[in-house]
Every structure is written in structure tokens, then in C-alpha cells.
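**Q** need a 3D model of the following:
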Amino acid sequence: LGAPQLMNSRKIVFWCHLPVGSIAGVVILSMCVTGVLLAFDRQIISYAERGFRVDPPAGAQRLSLEMLLDKAHATNPNPPTSIAWKSDPSSPVEIAVGRNQSLLLNPYSGAILGEGATRTRAFFHSVEDLHRWLAASPEKRATGRAVTAACNLGFLFLVLSGPFLWLPRTWTSTAVRAGTRLKFSLTGKARDFNWHNVIGFWTCIPLAIIVLCAVVMSYPSANNLVYRITGNTPPASNGAQQPTASPQQIGRASCRERV
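**A** Modelled structure (predicted):
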């Protein structure tokens, strides 16, 4: 592109970049903060539940999965949805019996140790709800999910259009340094402009990968396309007919897959 065409293209991209960032910015910030928290939820929950660790008896073997599930079923008849069986011999076995309830069991005796750090778990469930559908009520989650998906798409546009706007008007060593180095001596708008450009420049590639993955997960059609590109069959939708089985059988099958 010549200089006039490049300037016109830059203006068009800028006036698309600015409103998308202004409109979707709050939701994007919310998803970024909650996403960081969710990245460490297992570690934080494990620390909060450090008091539930067990002392492995000498020479004792862990109970079988079926026996642990029977112990959990005797305490809570709801079908289990997942099981976390850690390699650490002092860690309890965690059996989820619903989205918001888990049971911690002694893997050697099957004794119920409790529900763990319920407040911490409830907090992360709330964080996940905010991350996925802006904490909308069940009847409005489809709308919340659509908003977060659109904001993910807008975020991808911001990440991809940012490097184009970053391009120096004249390629000189001074111009390149200005766009790649933080200037802590600046104040006000000049500082904000410098930090925005520099941080955006150095993070654009990892951000593009992360946000592209988020977009794929946000849109089933994009997710199915990835399966087809890699030569795999897309998974059946949630509305597909499932084989008839009792709730306990379905729960046990799910647990086996998650071990």
C-alpha cells in the first residue's frame, strides 16, 4: 500500500478498534480477571483443604473406585458427576455429587471427611458463572453466553488490529524503540499511549492464541470446524439422544472417564 492508502486504512481500522474496545472492554476485563483466578482454582482449593489430608496406613491399599462410589452414594444418593483421584497418597478422593457439592473421602477406609472448603468452592463456582455467562440466572444464561462470545470475538479483532495500528509511520530506529520500550518518565496521556502500545506489542502473539482458543470454545460451529480440520468427528450436541441408563450408572461411567 502507498502512504495515502495506508493512512486511510489506519483510520478505518482505528475507528473500528476504538469503539470495539470501549464497548466490550468491561466484559473483556471481567473475563480476563476471572480467567486468571480459574487458572489457579485447583491449587487454591487444595491449599484451603489442607486440613482434610489423611495419614496413609502402613502397607494399606486404596479402596476400589466402586467401593468409594458406594460409600459416597450411602451418604448422598445423588448420582456422582466426577471424581478426582490424586497421586498424592495423603490426598482425599473428591467425588462431585452436583455442580456445587463435593464429598471428600478417605481413600483407604472410605470414611467421609466432609464437603471440603465449601466457601472457597462456592466462590470459584461464582467466578466460573461470571466468566462463562456474566453470572446470569439459569433462564438468561444463553444471553449471557452470547454476550461473552461476542466479546471474545471483539477481543480477537482488537488483538489482530492492534499490531497494524502499531506500525510506525516511518521505519526508523527511534520510532521502533518508541513502540517497543516502556518510558517510565512519561506522564498522563503520553504514558498511557506508550504503555498501551508497548504492552500490546509484546503480548499480541500469546494473546492472539489464547483469544482464538476462546472464540473456538464460544461458537460450536468453530469448535466443530476444528474437529473436521483435524480429521475427527464433532461430538454430538447436548440435545442428542443418550442411551437409557439409571442415574447411578451414568454417574459411575462419568467418574471412570475422569479418573
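**Q** contacts and neighbour counts: CA atoms only from here.
**A** Fine.
**Q** look at Pro234 and give its secondary structure.
**A** What DSSP: H, G, I helix; E, B strand; the rest coil gives for Pro234 is coil.
**Q** let me see the contact set for it.
**A** The contact partners of Pro234, by Cα atoms under 8 Å, 6 or more residues apart in numbering, come to Asn223, Asn224, Leu225, Tyr227, Arg228.
**Q** quick check: next helix or strand after the biggest helix by length in the chain?
**A** Counting by DSSP state H, the longest helix found in the chain is helix 3-39. With elements assigned by DSSP states H and E, the helix or strand that comes after helix 3-39 is helix 41-48.
**Q** hey, where'd the helices end up in this structure?
**A** Going by DSSP H, the chain shows helices at 3-39, 41-48, 65-75, 118-133, 141-166, 173-180, 188-218, 220-229, 247-258.
**Q** between these, which gets nearest to Pro56?
**A** helix 65-75 (16.0 Å; Cα to Cα).
**Q** same for the closest one, what does it pack against?
**A** strand 102-105 (3 or more Cα pairs under 8 Å, 6 or more residues apart in numbering; DSSP states H and E).
**Q** TSV for the helices of the chain, including distance to Ile83?
**A** Listed next are the helices of the chain as TSV, based on distance: least, Cα to Cα, whole Å:
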stretch	distance to Ile83
helix 3-39	19
helix 41-48	14
helix 65-75	9
helix 118-133	15
helix 141-166	26
helix 173-180	47
helix 188-218	24
helix 220-229	26
helix 247-258	5
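**Q** do you know which of these lies nearest Ala111?
**A** Using Cα to Cα, the helices of the chain put helix 65-75 closest to Ala111, at 7.6 Å.
**Q** which residues are contacting the closest one?
**A** Pro79, Pro80, Ile95, Leu103, Leu105, Pro107, Gly110, Ala111, Ile112, Arg252.
**Q** and it, how far from the chain's centre?
**A** Counting by Cα atoms, centre = their mean, to the nearest Å, helix 65-75 is centred 30 Å from the centre of its parent chain.
**Q** what mean pLDDT does that helix get?
**A** Across helix 65-75, the average pLDDT comes to 90.
**Q** so which bits of that helix are buried?
**A** Leu65, Leu68, Leu69, Lys71, Ala72 (16 or more other Cα atoms under 10 Å).
**Q** can you check stretch 171-188 too?
**A** So for stretch 171-188, counting by 16+ other Cα under 10 Å, buried means Gly179, Thr180, Leu182.
**Q** closest to Cys32 among those residues?
**A** Once Cα to Cα is applied, the member of the buried residues of stretch 171-188 that ends up nearest Cys32 is Leu182, at 22.5 Å.
**Q** mind listing what's buried in the longest helix of the chain?
**A** In helix 3-39, counting by 16+ other Cα under 10 Å, buried: 10, 13-14, 17, 20-21, 24, 27-28, 31, 34-35, 37-38.
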